[in-house]
Each structure stands twice: as structure tokens, then as C-alpha cells.
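[1] the following comprises the amino acid sequence and a computationally predicted model.
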Amino acid sequence: MNSISRRSFFAGAAGSALLALSACGASNSGSSDDSGEKTYKVGVLQLTQHAALDAANEGFVEALDESGIKYTIDQQNANNDQSACATIASKLVGDGDDLIYVIATPAAQAVAAATSDIPIVGSAITDYAASGLVADNDKPGGNLTGTSDMNPVDDQIAMLQKVLPNAKHVGMLYCTAESNSQLQVEMAEAACDKAGLTHDRYTVSSSNEVQSVVESMVGKVDAGYTPTDNTIAAAAAQVGQIAKEGKLPFITGEENMCMGMGICTLSIDYKELGKMAGQMAVKILKGEDTPANMAIETETGDQLKVVKNEEMAEALGIDLSALDA
């Protein structure tokens, strides 16, 4: 697992509601059993519910279970509401958790603003340093570390050219409220410039704008690209329906988005990212390491996989066999 030097399973309750779950036979948080083994208290703040973030949550819990530690876990979901993130963050900190797991950048920023003492482990965050979460991705230096979902943007644009050789104009679809999306779009634009492709931005500020913005892309661009954007991911099925009707092929930032709206991608594995984050959390809980000393981790090249949405490709009349070469 490599660190990066450059710079989002469970649907929780919204707002300040709680869903407290016990695991591994744990009963009393922060207590010790007769053998003196501690039961750790873990809080989770997930930005919103969609397949990628759910998978990052599932992988994290799987890692805790496989470690054999005893713990209780408090699962919280902000339903893509920034104010809910802040409210939930304050609640988790007030509960005195031993560690807080944050899924997606806004969730991490909310918890980081609420505590500089409780260890925080994140996942589904593209660039920790650029988002102001750590001093440096290789040497975080504070109480927060985790795993990055920086995806292979250059390779994804190359994939677009491979399966859509006649495409000349690419529309970049993303939410302006997500800083990580901005970073990925800038990378995609640079890759398009290098490849001789023209490009335009199609942005939304909330989920309410997705339909109209995607509809405005139809007939104006040859293909769409969308990064690992939580707002677009949550609306992937809606985007996919418009794309199918408008004959607009999308290359997406990751697998779950691809299966909802795209034709293909080279994807990271969010469950694996969550599992990696869980393994980091176990080391912190056991006192074997500290967030300050743990470099941000990301998946290595051999963990990436080619994903094809054959159903969408067939509906759009696109041949994906070039990806088999």
C-alpha cells in the first residue's frame, strides 16, 4: 500500500438521531471484561448513503471484526447535509468515543473541527492535505489519518478515447460544493488538453439541479466524465436514465457510479479502502501507532479494475471490446 504526496454499508439516521450497534459481543463501551480486555467505543459519520460510501463503511466494520477487538459502534449518516455533519460531529465528540471514522471529505472536516484530541480515521477522501485535513499526506502530524480515493483520472480519460475514438468534446459533470470533485475535474481537463479533446463544465450545487444540468448536456457534448462525486453518485440512476434516453455515454470515477450511469471505468475498490482504514484504526486503538505518524494510504495499481456496464453500452450502441485488448 502506497502513500500519496499529492493532494466519500450502513445507512444511518439523519440529523442527531442515533443508531447504536453492538459488535463482537461488546456490551459496555469503554469498559473492560473480567480478563481486562477493553471494549472500544467507535463513532462513525458517513456523509450520505450511496453504494461507494456504504462499501467503505462495510469494509471498515469488517476490518474491526477480523481484528478480534471488542467494540461498540455508533453509526451516523448526515444525508448529505453539511449542518447535520456538524451536529453529529459534536455529538460523537461529546460521547467521548475512542476513535471516530469519517466517510467523505465534509464528514471529516466537520469532525476535525470538533476535536483535536480524539483519533480520526477517514476514507473516501481524495486529498487530505488539499482539503486542509492534514499538514502533509505523508506525515499528517495531527489526530487524523486514513485512506484516499484518488482515482486514476488520466487512465480514465485514456479509456474514454479508447472506447469512443470519435469523441471530441467532453462534458465534466460534478457538484461545486465538493472540493475533491474540483480537483479531479482539473486533472481530467488537463488530460483532455493533452489528448486534444475540448471540454466544458456542467456543474450542480445540489441534487435538485442534477436532472436539468444533465439534460442540458445532451446534444452538446460527445461524452460525459464525472469524478467520484457524492452528489452525482447518489443520483446515478437518474443520470443513467437521461444518458440512455439522450444517447450520452459517461465515463465515471468509480465502479458503482459506472453501473448506475456509465459505460466503463478503471475503478478503485471502496470496500477495500474502508478495510484499509479499519486496519489503521485497529492499530491506533491498540496503541500501536498514532494518526500523526501514519501516512495517508491509497490502493496500488494492481488493485484497480476495469469495469464495464454492458447493458448501458448496448443501449447506446457502443462496443466495449477495445477494453479486452
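    Cool, the structure landed.

[2] please count neighbours and contacts with C-alpha atoms only from this point.
    Will do.

[3] which residues of this structure fall in strands?
    2-3, 19-23, 39-46, 70-77, 99-103, 120-125, 144-148, 169-175, 198-204, 223-226, 250-252, 264-267, 297-298, 305-308 (DSSP state E).

[4] for the stretch 51-200 of the chain, what spans make up the helices?
    51-67, 82-94, 105-114, 153-163, 179-195 (DSSP state H, counting those that start in this stretch).

[5] just put the strands of the chain in CSV and tack on mean pLDDT, mean neighbour count and distance to residue 88.
    Output for the strands of the chain, formatted as CSV (pLDDT from 0 to 100; neighbours: other Cα atoms under 10 Å; distance: least, Cα to Cα, whole Å):
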stretch, mean pLDDT, mean neighbour count, distance to residue 88
strand 2-3, 36, 14, 29
strand 19-23, 36, 14, 12
strand 39-46, 98, 25, 7
strand 70-77, 98, 24, 7
strand 99-103, 98, 28, 11
strand 120-125, 97, 29, 14
strand 144-148, 98, 30, 17
strand 169-175, 98, 24, 23
strand 198-204, 98, 17, 25
strand 223-226, 98, 26, 29
strand 250-252, 98, 29, 30
strand 264-267, 96, 26, 30
strand 297-298, 95, 24, 26
strand 305-308, 95, 17, 35
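
[6] out of the helices of the stretch 51-200 of the chain, which is closest to residue 222?
    Between residue 222 and the helices of the stretch 51-200 of the chain, the shortest gap by Cα to Cα is with helix 153-163, which sits at 10.5 Å.

[7] distance of residue 100 from residue 89?
    Distance of residue 100 to residue 89, given as Cα to Cα, to the nearest Å: 9 Å.

[8] thinking residue 284 is in contact with residue 291, fair?
    Yes: assessed by Cα atoms under 8 Å, residue 284 is found in contact with residue 291 at 7.1 Å.

[9] give me the common contacts of these two.
    residue 119 (Cα atoms under 8 Å, 6 or more residues apart in numbering).

[10] what about the helices in the stretch 201-325 of the chain?
    Taking DSSP H, counting those that start in this stretch, the helices of the stretch 201-325 of the chain run over residues 210-217, 230-234, 236-246, 255-261, 270-285, 310-316.

[11] redo those as JSON lines? Include mean neighbour count and distance to residue 192.
    Below are these laid out as JSON lines (neighbours: other Cα atoms under 10 Å; distance: least, Cα to Cα, whole Å):
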{"stretch": "helix 210-217", "mean neighbour count": "17", "distance to residue 192": "17"}
{"stretch": "helix 230-234", "mean neighbour count": "24", "distance to residue 192": "21"}
{"stretch": "helix 236-246", "mean neighbour count": "19", "distance to residue 192": "21"}
{"stretch": "helix 255-261", "mean neighbour count": "25", "distance to residue 192": "20"}
{"stretch": "helix 270-285", "mean neighbour count": "24", "distance to residue 192": "26"}
{"stretch": "helix 310-316", "mean neighbour count": "16", "distance to residue 192": "22"}
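
[12] format the ones you listed as CSV; extra columns: distance to residue 78 and mean pLDDT.
    Formatted as CSV, the helices of the stretch 201-325 of the chain follow (distance: least, Cα to Cα, whole Å; pLDDT from 0 to 100):
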stretch, distance to residue 78, mean pLDDT
helix 210-217, 20, 98
helix 230-234, 12, 94
helix 236-246, 19, 97
helix 255-261, 20, 96
helix 270-285, 18, 97
helix 310-316, 31, 97
